[in-house]
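A.B. asks: Fold the following and give me the result.
(one chain, ligands or ions: 1)
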Amino acid sequence: MTFDVDKIRNDFPVLFQSSRGKPLIYLDNAATTQRPKSVIKAVSSFYENDNANIHRSVYELGERATIKYEDARVKVQKFINAEKSASIIFTKGTTESINLVAYAYGRTFLKPGDEILYSEMEHHSNIVPWQQVAETTGCQLKYIPITDDGTLVEDWRNYFSEKTKFVAITHQSNVLGSINPVKDIITYAHDKGAKILIDAAQSVPHMSVDVQNLGCDFLVFSGHKMLAPTGVGVLYGKTDILNAMPPFLFGGDMISQVGLQSSKWNDLPHKFEAGTPNIAQVIGLGAAIDYINELGIDSIHQYEHELTQYALSKFEELDTIKVFGTRENRGAILSFHSEFVHPHDMAQFLDADGIAVRAGHHCAQPLMERLRVPATTRASLYFYNTREEIDILVNSIKNILKIFSVESQPK
Ligand code: 7TS
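C.D. replies: Prediction:
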C-alpha cells in the first residue's frame, strides 16, 4: 500500500494555517500530535448525541455512553494485544499511569534494600515518582548509563543485582529517539525476579507494540501523542498483579460495597478508575486507534523510518550541527545542537519561518547532563510530515547558521 501523505494531511485541518506569515510546519509531535477530523468528530458527536455519565444508568443514553466508553477499552486492548480488557486502565496520561504504579505497586511491595532500576535517558515522569517511592520505602535507585552515541550501554545486564526488584524503562527516548531492546530487558528482569514497567509514550504511537509478546508487567502511554484528545492515557498491567495492588484513588465507581466504617473494592478495571472519567476523551482515543488501524501501524512505522533516514541525511549538510543518537534503532525524533547557537535562539528563529519545534531539556535533565548540553532543539515527526517540510527545516537552519556567522567554522 502506498502511503498517500497528501491525502492524509487533508484529515488534519490544523496543518493548513500560516504561522508568522509562513505555512505552518508542525514538528513537535513528541510533545503532542495533531488530531484528525474523525477524532474531533467522535468527541463532538459524543456530546451532541450520547452524553451521559457511565456505569450507573439504566436509561438508554447512559447505556449508550457506557457502551462507547467500554468499546474504546476493547480497541486499546486489541491495539496492544492485551490478553483481557480488564488489564486496560484509563488514566489521565503516561504521568498518571506511572504514578499509579509507583504508588500502588511500589509503596506496597518494595522494601528497604530493594533496588529500582531505570535508565539515564528517562523522562522526568519515569524518574521522579520512583524517587518518591525510594524516599518512602527506603529502597535504592540505580540507573543504566548511556553511551556517547545515546544508546543504552551494551552491558546493561551488569546494572542488575540480586536486589533489583523493579525496572522502569522507556521504550523510545523522547530526546534521542533511541529504541531500547525492551524485550531482552523484560526477559532478563524476569529471570532476576524483578517486575518491569515500559514507558511506551513515544513508541505505541509509532510502532506495533504487543504486550503479550513483550511479556512486560506494566506498559503506559498517552492518548494525546497518538492523535487522541489530551486527558486520556493508558495503564496496561497483568491482571494478577493489578488484582494484588491496592487502589490508587478512592471514591465512586471503584467500590463494590461501601459501609460507614469500611468498603470493598470493585473488580478490574474499575478498581483503578475512581470517579467520573474523561469519557469523551476515551471515546476520542478509540477513534484515534481506528484511524491508525486504517493506515496500518506498520505502514506508519515504515513511512516514518524513511522520513527520519532522509532527515538524518539532510542534516549531514549542516556543518556545525550535531544530531544526537544513532542512525539505526531510532524513531522519528531529531534532537540537535550547535555550540554557536543557543537552542532557544534556534527555536525562535525557526518559529519565524513558521516551523514549530521544541527547545529545552525535554523533561530529561539527567540526560542533558550526560550529553553535556544545557538543552537541545528537537524536531519530532509524525506520519503527516513530508520531505518538503524537512527540506524547509534544513534550509532554515542553514540560514540561521549564516545569521550567527558560523557556516564556515569547523565542527
Ligand atoms: N514518557 C515519555 C517518554 C514522554 O515522552 C513523555 C512526554 C511522558 C512520559 C509524559 O507524558 P504525559 O502525556 O503524561 O505528559 N513527553 C513530552 C515531550 O517530549 N515533550 O513534551 C512532552
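A.B. asks: Quick one: name the residues of this protein near the ligand.
C.D. replies: 30-31, 93-95, 123, 125-126, 170, 174, 199, 201-202, 222, 362-363 (CB under 6 Å from any ligand atom). Quick note: C-beta positions are derived from backbone N, CA and C, even for glycine.
A.B. asks: And the residues you listed, which of them are buried?
C.D. replies: 30-31, 93-95, 123, 125-126, 170, 174, 199, 201-202, 222, 362-363 (16 or more other CB atoms under 10 Å).
A.B. asks: Got the domain ranges for the protein?
C.D. replies: For the chain, automatic domain parsing gives the domain ranges 5-31+296-407, 39-293.
A.B. asks: Please tabulate the ones you listed in TSV, including the columns mean pLDDT.
C.D. replies: Shown next, in TSV, are those (pLDDT from 0 to 100):
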stretch	mean pLDDT
domain 5-31+296-407	96
domain 39-293	98
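A.B. asks: Closest one of the buried ones among the residues of the chain next to the ligand to residue 405?
C.D. replies: If you rank these by distance to residue 405 using CB to CB, residue 362 comes first, at 27.8 Å.
A.B. asks: on that earlier part again, quick one: which of the residues of the chain next to the ligand is nearest residue 104?
C.D. replies: The shortest approach to residue 104 among the residues of the chain next to the ligand belongs to residue 95, at 14.9 Å (CB to CB).
A.B. asks: can you tell me which helix or strand that closest one belongs to?
C.D. replies: Taking DSSP states H and E as the criterion, residue 95 maps to helix 94-101.
A.B. asks: who does that helix touch, helix- and strand-wise?
C.D. replies: strand 88-91, strand 195-199, strand 218-222, strand 233-237 (3 or more CB pairs under 8 Å, 6 or more residues apart in numbering; DSSP states H and E).
A.B. asks: where do the strands sit along the stretch 51-200 of the chain?
C.D. replies: Secondary structure of the stretch 51-200 of the chain by DSSP state E, counting those that start in this stretch: the strands cover 88-91, 115-119, 140-144, 164-170, 195-199.
A.B. asks: err, the stretch 251-400 of the chain, not the other one
C.D. replies: Along the stretch 251-400 of the chain, counting by DSSP E, counting those that start in this stretch, strands occupy 255-258, 263-265, 321-323, 333-338, 355-356, 358-360, 376-380.
A.B. asks: Same list (the ones you listed) but as TSV, adding mean neighbour count.
C.D. replies: Listed next are the strands of the stretch 251-400 of the chain as TSV, based on neighbours: other CB atoms under 10 Å:
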stretch	mean neighbour count
strand 255-258	12
strand 263-265	13
strand 321-323	20
strand 333-338	25
strand 355-356	20
strand 358-360	19
strand 376-380	27
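A.B. asks: and the spatially closest residue to residue 195 that is not a sequence neighbour, how many neighbours does it have?
C.D. replies: Spatially, and ignoring its direct neighbours in sequence, residue 195 is nearest to residue 217 (4.5 Å; CB to CB, 6 or more residues apart in numbering). With neighbours defined by other CB atoms under 10 Å, the count for residue 217 comes to 24.
A.B. asks: for residue 217, what are its contacts?
C.D. replies: Residues counted as contacts of residue 217 (CB atoms under 8 Å, 6 or more residues apart in numbering) are 195, 196, 197, 237, 238, 241.
A.B. asks: closest to residue 142 among these?
C.D. replies: Closest to residue 142, out of all of these and judged by CB to CB, is residue 196, at 13.8 Å.
A.B. asks: Distance-wise, check that closest one relative to residue 18.
C.D. replies: Going from residue 196 to residue 18 by CB to CB, to the nearest Å gives 46 Å.
A.B. asks: out of the two, which sits in the busier spot?
C.D. replies: residue 196 (24 against 9).
A.B. asks: right, and residue 111 touches residue 134 too?
C.D. replies: No. Applying CB atoms under 8 Å as the test, residue 111 and residue 134 come out as separate, 11.5 Å apart.
A.B. asks: of the two, who's got more company?
C.D. replies: Set residue 111 next to residue 134 and count neighbours by other CB under 10 Å: residue 134 wins out with 19 against 10.
A.B. asks: right, and the more buried one touches residue 114 too?
C.D. replies: No. Counting by CB under 8 Å, residue 134 does not reach residue 114; the two are 9.3 Å apart.
A.B. asks: Which residues are in contact with each of the two?
C.D. replies: residue 140.
A.B. asks: returning to that earlier point: and the helix holding residue 95, C-alpha only, in PDB?
C.D. replies: C-alpha atoms of helix 94-101 as PDB (Å, rounded to 0.1, in the frame of the first residue of the first chain):
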ATOM      1  CA  THR A  94       1.500   8.400  31.000                       C
ATOM      2  CA  THR A  95       2.500  10.500  34.000                       C
ATOM      3  CA  GLU A  96      -0.600   9.400  36.000                       C
ATOM      4  CA  SER A  97      -0.200   5.800  34.900                       C
ATOM      5  CA  ILE A  98       3.400   5.700  36.200                       C
ATOM      6  CA  ASN A  99       2.300   7.500  39.400                       C
ATOM      7  CA  LEU A 100      -0.400   4.900  39.900                       C
ATOM      8  CA  VAL A 101       2.100   2.000  39.600                       C
END
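A.B. asks: what's in contact with stretch 149-156?
C.D. replies: Counting by CB under 8 Å, 6+ apart, 119, 121, 144-147, 173, 176, 178, 180-181, 185, 324-326, 329, 371 sit against stretch 149-156.
A.B. asks: Span of that stretch from start to end?
C.D. replies: 15 Å (CA to CA, to the nearest Å).
A.B. asks: Just give me how far that stretch sits from the chain centre.
C.D. replies: Here stretch 149-156 is found 21 Å from its chain centre; the criterion is CA atoms, centre = their mean, to the nearest Å.
A.B. asks: What residues of stretch 339-356 count as buried?
C.D. replies: For stretch 339-356, by 16+ other CB under 10 Å, it's 340-343, 345-347, 349-351, 353-356.
A.B. asks: With stretch 42-54 instead?
C.D. replies: Buried positions in stretch 42-54, judged by neighbour count with 16+ other CB under 10 Å: 42, 43, 45, 46, 50, 52, 53, 54.
A.B. asks: closest to the ligand among the residues you listed?
C.D. replies: residue 43 (17.7 Å; CB to the nearest ligand atom).
A.B. asks: Tell me which other helices or strands the helix or strand containing that closest one touches.
C.D. replies: Here residue 43 sits within helix 37-45, counting by DSSP H and E. Under the contact criterion of 3+ CB pairs under 8 Å, 6+ apart, helix 37-45 touches helix 279-295.
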